[in-house]
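Novice: Got a predicted structure here, sequence first:
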Amino acid sequence: KAGVTQTPRYLIKTRGQQVTLSCSPISGHRSVSWYQQTPGQGLQFLFEYFSETQRNKGNFPGRFSGRQFSNSRSEMNVSTLELGDSALYLCASSFSSGTIYNEQFFGPGTRLTVL
Amino acid sequence: ILNVEQSPQSLHVQEGDSTNFTCSFPSSNFYALHWYRWETAKSPEALFVMTLNGDEKKKGRISATLNTKEGYSYLYIKGSQPEDSATYLCAQNAGNNRKLIWGLGTSLAVNP
């Protein structure tokens, strides 16, 4: 079974631009969560999508948004990029069987650098 | 606001040593505690999900315990090997949902 894939793996943008990151979950997984990882803050939860609906949201500004498609693939968008948005963005999928405690399977991440 | 803390921040041990690290979390409104291992240049990999006070889980040489009343979990590695070198992360469910609050991790280096 193929793992979680994320594209692109690396991205360089300048301040003020916007960016879209993509995540394809493991086949059969309907829950996709997004995280931001920075050295000082560790992993920070951005949002979770299930069946094309955002179910949970972290404490990030409205510049961070996402969506999920009917095939469970998810995209994350960051508008008006700031230097502080430079980070590793990870997505994770899990099999939703009614419990919230299923393990999450992580993708390799997208390394975003904002200049 | 949940705050998950891990100690120590980093650890260097010799091959064959046994080691343990701590994850501390708020004990009120507890739902679940997760342990992950994150090796350099790889993706975080789930080790354990623990939900009940007194839970003990084991996977090979790695085991974990959970005390929800006092708000801590221990991760033990018996006979550390160089391939155990990684960052070990714990996370707590923020509520009855999949939002996870993460600690900053313990970075383990096992010297051959």
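Specialist: Everything's here; your move. Numbers count the residues shown, from 1 in each chain, chains lettered A, B, ... in the order given.
Novice: which residues of chain A score low on pLDDT?
Specialist: A:1, A:97-100 (pLDDT under 70).
Novice: Can you name the residues of it sitting close to chain B?
Specialist: A:3-4, A:31, A:33, A:42-45, A:48, A:55-56, A:58, A:90, A:92, A:94, A:100-109 (Cβ under 8 Å from any Cβ of the partner chain). C-betas here are computed from N, CA, C, even on glycine.
Novice: now with 10 Å?
Specialist: A:3-4, A:6, A:31-33, A:35, A:37, A:39-48, A:50, A:55-59, A:90-92, A:94, A:96, A:99-109 (Cβ under 10 Å from any Cβ of the partner chain).
Novice: so what strands line up beside the longest strand seen in chain B?
Specialist: In chain B, assigned by DSSP state E, the strand with the most residues is strand B:86-93. The pairing partners recorded for strand B:86-93 under DSSP bridges are strand B:33-38 (antiparallel), strand B:100-102 (antiparallel), strand B:106-111 (antiparallel).
Novice: Of all the residues in chain A, which one is nearest chain B?
Specialist: residue A:103 (3.6 Å; Cβ to the nearest Cβ).
Novice: Spit out the contact partners of the closest residue to residue A:73 other than its chain neighbours.
Specialist: The shortest distance from residue A:73 to any non-neighbouring residue, by Cβ to Cβ, 6 or more residues apart in numbering or on different chains, is to residue A:24 (5.0 Å). Counting by Cβ atoms under 10 Å, 6 or more residues apart in numbering or on different chains, residue A:24 touches A:2-7, A:32, A:69, A:71-74, A:91, A:93, A:107.
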